[in-house]
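Visitor: Need the 3D shape of this:
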Amino acid sequence: MHCHRSSRAHAALIRVALAASCVLALPALATTPIKVTSQAATDGPIRYTVRVTSKQYGNATETRTLRSGDTDDFTWRTTPPGGAVPSPDGCPDNASLPLDANGAMVRETQLRLAPIVDEHGTANVQLSFRAQAPRGTRSVASGGATLKCPDVASYSQVVHFSMPTNGTSKTITLGDGTQLAISAQR
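Guide: From the prediction side, this is the model:
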């Protein structure tokens, strides 16, 4: 019987230890993380204004509303100084050129803005820039004939930066001299 009593005492100790560990674990599982409520304010829509200033690709401004984690594409097409440059059938890369309704090359600027806003209201942004513009013509041999095709200037760059979401403007200068002024306002 002595052994029987000690096994009962041992079982009782195990039950007490298990109960204590369950009691300690339950409050941790039932508590709502503070992080969720602190992110609610930064999750709302933010107005981003982007201004592009470029001698080669032209100037443009656009304002869009995004939420943290959204991606937005901006595309501008403008007529270059001196007019659009004809791009006859047979010119290389015609399918990838920004052409107007008459088949002439115009300037095109494309931006992709992808911001993620942290709990302090700072936007961490990835911005992709891509632009093409005609800069005169060049002679191309195609099918036994010589064609005058657009001479294409193009540039692309991806930049990462942080900025406030209080309306303050952030200026980024790309490698080709293009300037981007970006502001974010709640």
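
Visitor: so how many other residues sit close to the residue nearest to residue 149 when sequence neighbours are not counted?
Guide: Taking Cβ to Cβ, 6 or more residues apart in numbering as the measure, residue 149 lies nearest to residue 91, with 3.7 Å between them; neighbours along the chain are not counted. (C-beta placed from N, C-alpha, C; glycine too.) The criterion is other Cβ atoms under 10 Å. On that basis, residue 91 has 20 neighbouring residues.

Visitor: Three-state assignment for residue 91, please.
Guide: Here residue 91 takes the coil state, with states given by DSSP: H, G, I helix; E, B strand; the rest coil.

Visitor: That one contacts residue 146, doesn't it?
Guide: No: when contacts are counted by Cβ atoms under 8 Å, residue 91 is not listed as touching residue 146 (11.3 Å).

Visitor: shared neighbours, the two?
Guide: residue 140 (Cβ atoms under 8 Å, 6 or more residues apart in numbering).

Visitor: next one: stretch 145-165 to chain centre, how far?
Guide: For stretch 145-165, the distance between its averaged C-alpha position and the chain's averaged C-alpha position is 17 Å (Cα atoms, centre = their mean, to the nearest Å).

Visitor: what mean pLDDT does it have?
Guide: Stretch 145-165 shows a mean pLDDT of 96.

Visitor: Repeat that for stretch 47-65.
Guide: In the prediction, stretch 47-65 has an average pLDDT of 96.

Visitor: Number the chain from 47, please
Guide: Yes, from this point I'll number from 47; that puts the last item at stretch 93-111.

Visitor: how long is that stretch end to end?
Guide: The first and final residues of stretch 93-111 sit 4 Å from each other (Cα to Cα, to the nearest Å).

Visitor: before we move on, the earlier item: what does the pLDDT read for the residue nearest to residue 195?
Guide: What the model reports as pLDDT for residue 137 is 93.

Visitor: can you map out the strands along the protein?
Guide: For the chain, applying DSSP state E gives strands covering 92-99, 106-112, 118-124, 131-132, 150-151, 153-163, 168-188, 191-210, 212-219, 225-231.

Visitor: how near is residue 161 to residue 109?
Guide: Counting by Cβ to Cβ, to the nearest Å, the separation of residue 161 from residue 109 is 14 Å.

Visitor: of those two, who's got more company?
Guide: When residue 161 is set against residue 109 and neighbours are counted by other Cβ under 10 Å, the residue ahead is residue 161, at 24 against 12.

Visitor: which ones are touching the residue most central in space within the chain?
Guide: Taking Cα atoms, centre = their mean as the criterion, residue 160 is the residue nearest the geometric centre of the chain, at 1.9 Å. Neighbouring residues of residue 160 by Cβ under 8 Å, 6+ apart: 116, 117, 118, 171, 172, 173, 174.
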